[in-house]
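K.L.:
the amino acid sequence is not available; the structure is as follows:
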């Protein structure tokens, strides 16, 4: 019942190269805490930098999928991979982005029973297939997304976000990275919509 | 994105035989609402009565496993079965019984990474095996529980609770029974233990 | 190669509360023996009573699915769960109810190759999905049953019987409950239909 | 609900080359009927001849595993492959060879709960692994068989019989070959041993 | 990191009965080496003879599937069974038969991404289902092959070749039969087609 | 049977930002061709840059695992994910790094049967678990690596490389990225070691 952040060495943000320390400061100034995943990867600054760059290229890119949709992909596929850190942390972000205090728990337990629009359901179904059986993806899967109104660029986004967090999920599970206490309760007091 | 309680007919508590209506009133007086699972099963009073009797025989029995341990089994195995109602509803009860606002989410996403004592981990590991591969249960599984300090009576309880909620999970998923809104937030403001 | 009835304590019917002893006597008077599952659960009278009540609510309910159809669901899903007691015991009952000495073995080994009507095949296919992947049940599964002529009430029955025996299968496998010798041969001398 | 012997062409024994017709006559003279698998393969005489030769080389070889042990391997692995013809036909032979009217049903449903000696259990466990996950067979699996008293020659037999019937199971399932009615009841009236 | 040919006894071709020694000589004269599978099975001459007969009945039969198609089935299904000997040895033969230096690697890693014609894709899809889930084969699978232009005789061939190599794959994995060095490079210098 | 490089838009290296164009030129100058994965990701320069940075941080890092060991991880896990591009491309690099023309095919088909040292086998076994069941990674898995002589830093490398290529495998399968023809034959004429 250890409460260690990671089973690998954890070093302080102050040991990081200046660019990384500055980037993490922006995040912690905004959220009030340093997400543990950064502390757990800080012993590998080059990997951490590439990780943050890749994350931002996918999750902060203007246009395309909404921010809430992107987080919904993260929560659904991280749950499929049983990744505690990612479900708890991105569950919080999803609640906030979607302005919905229930959606993260619903998507994490069984997306088929979640309050999803048909567009969201098509998106999550595809993401789950990329997460669990990417080798079986075929033209019919892309056709279903096109039918649901997604552009080719958005289809790439769904798949690439799933693939990136598939990497993240595996690092977290390998290293047993612990979610910050703060994530559990964030966004839970948002009013329920009609 | 229907918010129906069930895909099968839902009848009011007032249509139930007196004994069942009275039992449900006790519950709703205490919690402030009628758990949807009762409404979803009310069109089958005889099944509902047996369901409640069986539930109480396992979950209210004096002695043996603690109430928190029993709820932990429910949450872990219902998550293994992707049962939204049971994870959300019993996750709330687990938070309250265990006086721990994080434990339900931890156990639901990946019990191996949850803050469990060795006793709890042995209990959950066995429960998951009964839930997913009961046919492979053998003497070595019971030996592991005995080594972790469980009595034969407690081992039966772990298995029987898992089996009962395995039934419940299947009914919920078949009927798409929706968790009450109240369950999502119950027990989330309990202080985190050191 | 133990021939014990259960790996948990087995107590005599005479130790049971009167109502349970009387119910079991009716069964043993009719069949000539006490099914081992009752003996194996007798150390838990409250659970046994709820078990019997639930069983009868589903399996003895007037109207709806035929008795043979109900037993066919039990045999097919118990085989999917590798439950020796349930396949052997309910296989016997299925042979008798269906007046067919081969149907139980066929359904137990591979229901797709069994002598089923289209209605029976649709019923068993749904039951197997509830038994093994209830979380994936969707509107298309219910539509297929409606197309095969099942009412909403009968669909509930198929799912609820599967769920109940999913519980029973897990208890049996956890406790290694042994089928009575009598079940193996019952109904095997029924003449084969054209 | 067709009762066809195979979904591929079925030709009479009289159309077979003399050597095959004579071999099958020996079998049908002894058992009183022509097992359907021969009729279903008769449209391919060269394959049928090789099939019979291979079968006899493994199943009629003097020494090594007992005849009952060989049939036990066939029933266990054919059940793992959901092969109706093989479970029903070889279940009959196993009952006769083992002089035990229950053993085939036990092994087919869940070998872990069957009345097996430790030697038989080790043998079946290995056979099931060859049937379902041969790629994961390693030195520890062979060591377990040696510890259970099997010679290298007998280990080969277990694996080769499993592999041969893995082929047979696939042909039967591809062609939907129907078991003869006679197999269902053969050996069921053998007295139960203490 | 043993380079043994088999974990079971390996005897020389000269110890074989004349007919087998002569058949293997024809093969080794043609290819320049004795394929290890023959050496690994030589301690069981009767099984080896039936194996060769069955192999030739399926793989050398005139008419029906092309030789390249037959080898494609072998490579695809042997890869699904993780059989190193069969993928390496028959990969070489497939390259030669198909006059294509890439096709074996493509089919072995992911047939869905290989350069297949629609006919070949339908054939491989069916073969993979026979290899991995033969019990689920149904009329719709045969209908798909008929729609792709296959005769009933060719459908049998696809299934029977898959079943035969399913046996071979299991024997190889059980015995850890090592591919000859020669197979790795055969057919790799064939020019790539436009 | 399309020979397209990707099902998403493919843009020329000349359209890339200077830094990326220059990096890719170094690679193509060295190998004689532009690996298709760069062309397939070029429509997303920010993602491509992060991808290359991450790749180099893991695969070009001085010290720790040998270059051949890193490529062995890539081939083994990409085969587990059925990723044609990665198995073919990194299979070529593995042959060259390991100076062994057979090792890539061996590891891709069944690493348990490959010519691995005990250290390599422990490494690949762990990598496969991270690739397929990262959620089940526990202290016993890390203990096995320590026992095999790996440092904590090397264990992170094994897991991180597996995770990164798990992402890459999913992108490739989602986009159907085609391996360059050159990869198939690279390193195949290396002499076989004793």
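P.N.:
Yep, it's here. Note that the coordinates shown come from a computational prediction; the quantities given were computed from them, not determined experimentally.
K.L.:
output the set of residues of chain A in proximity to chain B.
P.N.:
A:1, A:3, A:79, A:82-84, A:87-88, A:91, A:101-102, A:105-106, A:108-110, A:113-117, A:173, A:176, A:178, A:181, A:184-185, A:188-189, A:192 (Cβ under 8 Å from any Cβ of the partner chain). All C-beta atoms are positioned from the backbone trio N, CA, C, and that covers glycine.
K.L.:
how does it look with 7 Å?
P.N.:
Contacts of chain A with chain B, taken as Cβ under 7 Å from any Cβ of the partner chain, map to A:1, A:79, A:82, A:84, A:87-88, A:101-102, A:105-106, A:108-110, A:113, A:115-117, A:176, A:181, A:184-185, A:188, A:192.
K.L.:
distance of whatever residue of chain A ends up closest to chain E from residue B:70?
P.N.:
Minimum separation of chain A from chain E (Cβ to the nearest Cβ) falls at residue A:135, amounting to 5.5 Å. To residue B:70, residue A:135 is 41 Å away according to Cβ to Cβ, to the nearest Å.
K.L.:
now swap in residue A:43 and tell me
P.N.:
Distance from residue A:43 to residue B:70, by Cβ to Cβ: 41 Å.
K.L.:
who has more neighbours, the two?
P.N.:
residue B:70 (23 against 18; other Cβ atoms under 10 Å in any protein chain shown).
K.L.:
how does chain A divide into domains?
P.N.:
A:10-60, A:65-194 (automatic domain parsing).
K.L.:
just confirm yes or no for the last one near chain C.
P.N.:
Yes - contact between domain A:65-194 and chain C is present through A:110, A:112 (criterion: Cβ under 7 Å from any Cβ).
K.L.:
list the contacts for residue A:179?
P.N.:
A:36, A:84, A:85, A:88, A:89 (Cβ atoms under 7 Å, 6 or more residues apart in numbering or on different chains).
K.L.:
from these, which two are the most distant?
P.N.:
Farthest apart among the contacts of residue A:179 by Cβ to Cβ are A:36 and A:84. That separation is 11.1 Å.
K.L.:
show me the shaky parts of chain A.
P.N.:
Residue ranges of chain A with pLDDT under 70: A:1-2, A:194.
K.L.:
now the residue of chain A found nearest chain D: closest residue in space that isn't a chain neighbour?
P.N.:
Relative to chain D, the nearest point of chain A is residue A:135 (17.2 Å; Cβ to the nearest Cβ). Using Cβ to Cβ, 6 or more residues apart in numbering or on different chains and skipping the chain neighbours, the partner closest in space to residue A:135 is residue F:82 (3.5 Å).
K.L.:
okay, now the one you found: neighbour count?
P.N.:
Neighbour count of residue F:82, defined by other Cβ under 10 Å: 21.
K.L.:
again, but for residue A:137
P.N.:
21.
K.L.:
residue contacts, the residue sitting nearest the centre point of chain A?
P.N.:
Most central in chain A under Cα atoms, centre = their mean is residue A:74, positioned 3.6 Å from the mean C-alpha point. Residue A:74 makes contacts with A:86, A:90, A:161, A:165, as judged by Cβ under 7 Å, 6+ apart.
K.L.:
hang on, the earlier thing: and the residue of chain A closest to chain D, what is it in contact with?
P.N.:
By Cβ under 7 Å, 6+ apart, residue A:135 lies in contact with E:110, E:112, F:81, F:82, F:173.
K.L.:
out of those residues, what pair is the most spread apart?
P.N.:
Longest span within those, Cβ to Cβ: E:112 and F:81, 12.9 Å.
K.L.:
so those two - more neighbours on which side?
P.N.:
Neighbours of residue E:112 and residue F:81, each counted by other Cβ under 10 Å, are more numerous for residue F:81; the result is 24 against 20.
K.L.:
so that one sits against residue F:130, correct?
P.N.:
No - the criterion here is Cβ atoms under 7 Å, and residue F:81 misses it with residue F:130 at 11.6 Å.
K.L.:
identify the contacts common to the two.
P.N.:
By Cβ under 7 Å, 6+ apart, no residue touches both residue F:81 and residue F:130.
K.L.:
what's the angle between the helix of greatest length in chain A and helix F:152-175?
P.N.:
When chain A is parsed with DSSP state H, its longest helix is helix A:152-175. Helix A:152-175 runs at 160 degrees relative to helix F:152-175, counting by axes from the mean of the first three to the mean of the last three Cα atoms, to 10 degrees.
K.L.:
tell me the gap between helix A:152-175 and the middle of its chain.
P.N.:
Helix A:152-175 sits 8 Å away from the centroid of its parent chain (Cα atoms, centre = their mean, to the nearest Å).
K.L.:
is the helix or strand where residue A:127 lies positioned near chain E?
P.N.:
For residue A:127, the host element (DSSP states H and E) is helix A:118-133. No - judged by Cβ under 7 Å from any Cβ, helix A:118-133 and chain E are separated, with a smallest distance of 10.9 Å.
K.L.:
helices and strands around that helix, which ones?
P.N.:
helix A:67-80, helix A:139-147, helix A:152-175 (3 or more Cβ pairs under 7 Å, 6 or more residues apart in numbering or on different chains; DSSP states H and E).
K.L.:
switch the cut-off to 10 Å
P.N.:
Judged by 3 or more Cβ pairs under 10 Å, 6 or more residues apart in numbering or on different chains; DSSP states H and E, helix A:118-133 is in contact with helix A:67-80, helix A:103-110, helix A:139-147, helix A:152-175, helix F:152-175.
K.L.:
quick one on the thing from earlier: now the two most distant members of the contacts of residue A:74.
P.N.:
Farthest apart among the contacts of residue A:74 by Cβ to Cβ are A:86 and A:161. That separation is 11.7 Å.
K.L.:
if I look at those two, which residues touch both of them?
P.N.:
Here residue A:86 and residue A:161 have A:74, A:77 as joint contacts, going by Cβ atoms under 10 Å, 6 or more residues apart in numbering or on different chains.
K.L.:
check contacts around the closest residue to residue A:81 other than its chain neighbours.
P.N.:
Using Cβ to Cβ, 6+ apart and skipping residues adjacent in sequence, the residue nearest residue A:81 is residue A:169, 4.0 Å away. Going by Cβ under 10 Å, 6+ apart, residue A:169 touches A:74, A:77-87, A:131, F:134-135, F:163, F:166.
K.L.:
kindly recompute the last result at 7 Å.
P.N.:
A:78, A:81, A:83, A:86, F:134.
K.L.:
what sits closest to the fourth one if chain neighbours are left out?
P.N.:
For residue A:86, ignoring the flanking residues on the chain, the nearest one in space by Cβ to Cβ, 6+ apart is residue A:78 at 3.5 Å.
K.L.:
how close does the one you found get to residue A:7?
P.N.:
19 Å.
K.L.:
these two: who's more crowded?
P.N.:
Set side by side, residue A:78 and residue A:7 show more neighbours around residue A:78, with 28 against 19, by other Cβ under 10 Å.
K.L.:
how about stretch A:52-60 and chain F, any contact?
P.N.:
Yes - counting by Cβ under 7 Å from any Cβ, chain F is contacted by stretch A:52-60 at A:53, A:54, A:57, A:58.
K.L.:
in chain A, what residue comes closest to chain C?
P.N.:
residue A:110 (5.5 Å).
K.L.:
just checking, residue A:182 touches residue A:33?
P.N.:
Yes - Residue A:182 is within contact range of residue A:33, at 5.3 Å (criterion: Cβ under 7 Å).
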